[in-house]
Each structure stands twice: as structure tokens, then as C-alpha cells.
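J.: need coordinates for the following:
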Amino acid sequence: MKILEAQSATLTNYEVYTHLTDQRSRYAKKGIKGRRPGNLETVVKEDYFQLLEYFHEAPSPLASKPLPYNDQTIGTLLERLRPFNFTKAEILMIMNLRPTKAESLNTIVEEMDDRFSDEQQLEIVEIIADVLGTADGSAERQAMNDQAELRKGQQPETKMEVDG
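T.: You can find the predicted model right below:
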């Protein structure tokens with residue numbers, strides 16, 4: 001694989017997810033059986049399934065069914081949040097984490113209490129919920145509990161020796 005024009009951009013989880021699934025389906029459609037470029041082969045074989053597993057685990061918005069994002073979601077969110085002058089990093093984190101409460105948003109937005117009134121904070125959360133949707137809290141909790149139980153079962157039990 002040859003890089004024709006180097007670009008530096010920060011991508012949302014949704015953009016990475018769609019790119020990986022598009023790459024995989026593009027190669028499958030073409031019926032390319034031969035050797036793919038080495039770095040693509042590494043991503044497709046080794047990292048692809050790990051990334052999909054990460055994206056499909058709660059509380060990731062990409063774990064929601066139906067998928068709450070589409071090609072217009074980012075543009076719509078940017079347009080609706082423009083009056084609040086968020087940084088690119090803040091928008092990226094909002095897209096990836098989909099905060100549903102002002103308290104959650106506070107962990108993403110720097111100096112939120114100084115920048116926004118309580119009413120504005122609620123308005124921002126409402127915009128996020130309107131554009132990105134909200135998670136089914138009970139289903140999300142159940143999925144997180146199931147994942148925790150799975151991890152417990154996979155980890156070997158180790159005994160600690162206590163000096164005494």
C-alpha cells in the first residue's frame with residue numbers, strides 16, 4: 001500500500017467503525033483472494049475483530065441497536081452545537097461517549113461550569129440526546145454485567161500469600 005497524500009485527522013469511533021466495515025466488504029465484493037498489503041492484512045485479521053468487540057460492548061453508543069449514528073449525524077451534531085463553541089476534542093468525545101447527563105458532560109467539557117449556565121448544560125444534553133439518541137439504561141446495565149461476568153470466568157484465579 002502506498003500513501004499518496006498524507007493526512008492527519010482525528011476520527012470518531014463511528015468513522016473508524018464504518019471505514020473498517022467498508023474496507024472489509026470492499027475486499028470481499030471484489031473477491032480479492034491474493035495477498036493484501038501487509039499493514040491492511042494486520043488490521044483486517046488481527047485488529048478488526050478486537051475493534052468490533054470494543055465498539056459493540058456497552059456503554060459504547062455503537063453497541064445500541066439500531067445503530068444511532070448515520071452519515072449525517074456528525075454534521076447535524078456540529079450544526080446544533082455550534083453556538084456553544086466546543087473544541088474539536090470536546091465534539092469528538094461527545095460523539096464517542098454520548099453523555100446523557102450534565103454530570104457526564106462535565107467530564108468531557110473543560111471548565112463547563114464557567115462556560116455554561118445550568119440551563120445551557122441541560123440544553124446541550126437535550127441536543128445530544130436528540131441527535132445521537134439515548135441508551136436503553138436497563139439493557140446497557142445488563143450488557144455491562146454480562147461482560148463483567150464473562151471476564152471473571154476468563155481470568156485465572158490467583159491466590160496471594162500473606163506474610164504473617
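J.: run through this protein and note the low-pLDDT ranges.
T.: Filtered on pLDDT under 70, the chain yields the residue ranges 1-7, 27-48, 56, 58-60, 62-66, 68, 136-164.
J.: that one: helices as residue ranges?
T.: 13-30, 38-42, 48-55, 73-81, 88-97, 102-106, 112-115, 118-132, 137-154 (DSSP state H).
J.: who's in contact with the fourth one?
T.: Pointing back at helix 73-81 there. By CB atoms under 8 Å, 6 or more residues apart in numbering, the surrounding residues in contact with helix 73-81 are 12, 14-15, 91, 94-95, 124, 127-128, 130-132. To be clear about C-beta, it is placed using only N, CA and C from the backbone, and glycine gets the same treatment.
J.: tilt between that helix and helix 118-132?
T.: Put simply, helix 73-81 runs at 160 degrees to helix 118-132, going by axes from the mean of the first three to the mean of the last three CA atoms, to 10 degrees.
J.: now do the buried residues in helix 73-81.
T.: By neighbour count on 16 or more other CB atoms under 10 Å, the buried set for helix 73-81 is 73-74, 77, 80-81.
J.: please apply the same query to the first one.
T.: For helix 13-30, burial by neighbour count (16+ other CB under 10 Å) applies to 13-15, 17-18, 20.
J.: mind giving me the packing neighbours of that helix?
T.: In terms of contacts (3 or more CB pairs under 8 Å, 6 or more residues apart in numbering; DSSP states H and E), helix 13-30 is packed against helix 48-55, helix 73-81, helix 88-97.
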